[in-house]
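[1] coordinates for the following, if possible.
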Amino acid sequence: MNNANIAIHLPAMARTRPDQPAVLRGTGRRDQRGKMTYEGLSFAELDRESDAYAWGLSAYGITRGMRVLLMVPAGLPLISLTFALFKVGCVPILIDPAMGRRNLAQCIRECTPDALIGIERAQLARYVFSDAFRSVKKVVTVGRRLFWDGVTLDQLRADVATPFPVELMHADDAAAILFTTGSTGVPKGVLYEHGMFQAQLRMLGELFAVQPGEIDIPAFPLFALFNVGLGVTSAIPDLDPTRPAACDPAKVVEILQDQRATMSFGSPAIWQKVTRYCLDRQVTLPQLRRVLMAGARCRTTCTSGFNRF
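    Below is the predicted model:
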């Protein structure tokens, strides 16, 4: 029986493209020439990192079918943890914290998570909104664990060299719960199945002719999930994905140029600022082949790609 688990693509890429960067992010430090320095994980390293977390999650009692609220900022731990949860067969829950405290508490209450993996502020929110988190039985802190229960991510990480056996999932098995931002009404949770993720992956590859070895700038960090299946490097930009209109276009252009990105996915609010920045300064991005967007149409014409809805 074929395994529909979306996580199967990571060990496959670790075998076929082990040294290609899977995820990159700026360190915030610059070299002697003033150029941003970057850190990241290759496909082989990302596979091993997610295996270490998967073994730790399983040993801690976070297992197949459990709903896990993931409250971690964009970056390397978020992507590693997401793949670890998929490997174990858990259902990650991703909620946009910009939706407001009342909506946030209501969404958490509705989706009844079994476990929470979150930074210190998320753990504090568990006490402020204790009723919303009442279903949580397992707690993992990304960072310092203060007065609350559970374990830290560093404590959970298993020192095991054996690859984690990716849980066998069917196409109609639950994969993740993603919430809308609530910008046009009450936030709504969307249940994704593994078969849906696999279909989206195939569509992206076929519709846009994405080739292995390309470099993407995903303003929505979990787009890296699809990039892994496509053999594409994800270079995470320095912006808050919950506040795209507040991005610094100079930083977005910098990473596009530094990494010679061939594609990018993000909100029209980002590209409205980036295109205006480029037009005002006569900056061109000749290596950029496609720009994918989701959300409201932006007013500025984006001449380097497509606007898909």
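[2] the stretch 1-150 of the chain: helices as residue ranges?
    Applying DSSP state H, counting those that start in this stretch to the stretch 1-150 of the chain gives helices spanning 9-16, 43-60, 76-88, 101-111, 120-128.
[3] residue 30 is nearest to which of the ones you listed?
    helix 76-88 (19.7 Å; CB to CB). (C-beta placed from N, C-alpha, C; glycine too.)
[4] between the closest one and helix 43-60, how many degrees?
    With axes from the mean of the first three to the mean of the last three CA atoms, to 10 degrees applied, the angle from helix 76-88 to helix 43-60 works out at 60 degrees.
[5] can you give the contact residues for helix 76-88?
    5-7, 10, 23, 25, 39-41, 46, 49-54, 57-58, 62-64, 68, 70, 72, 91-92, 117, 142, 153, 164, 166-167, 175, 221-222, 224-225, 228, 234 (CB atoms under 8 Å, 6 or more residues apart in numbering).
[6] what comes up buried for it?
    For helix 76-88, burial by neighbour count (16 or more other CB atoms under 10 Å) applies to 76-88.
[7] who's in contact with residue 92?
    Listed by CB under 8 Å, 6+ apart, the contact partners of residue 92 are 68, 70, 82, 85, 86, 176, 177.
[8] any idea which of the residues you listed is closest to residue 251?
    Nearest member of those to residue 251, counting by CB to CB, is residue 82, at 23.9 Å.
[9] the closest residue to residue 36 other than its chain neighbours and residue 274: what is the separation?
    Excluding the flanking residues, the one nearest residue 36 by CB to CB, 6 or more residues apart in numbering is residue 26, at 4.8 Å. Remark: distance between residue 26 and residue 274 (CB to CB, to the nearest Å) = 16 Å.
[10] settle it for me: which of those two has more neighbours?
    residue 274 (28 against 20; other CB atoms under 10 Å).
[11] in three-state terms, label that one for me.
    Put simply, residue 274 is helix when judged by DSSP: H, G, I helix; E, B strand; the rest coil.
[12] verify the contact between it and residue 253 for me.
    Yes: contact criterion CB atoms under 8 Å: residue 274 and residue 253 qualify, at 6.3 Å.
[13] which residue is nearest the centroid of the chain?
    Ranked by distance to the mean C-alpha position of the chain (CA atoms, centre = their mean), the top residue is residue 222 at 2.5 Å.
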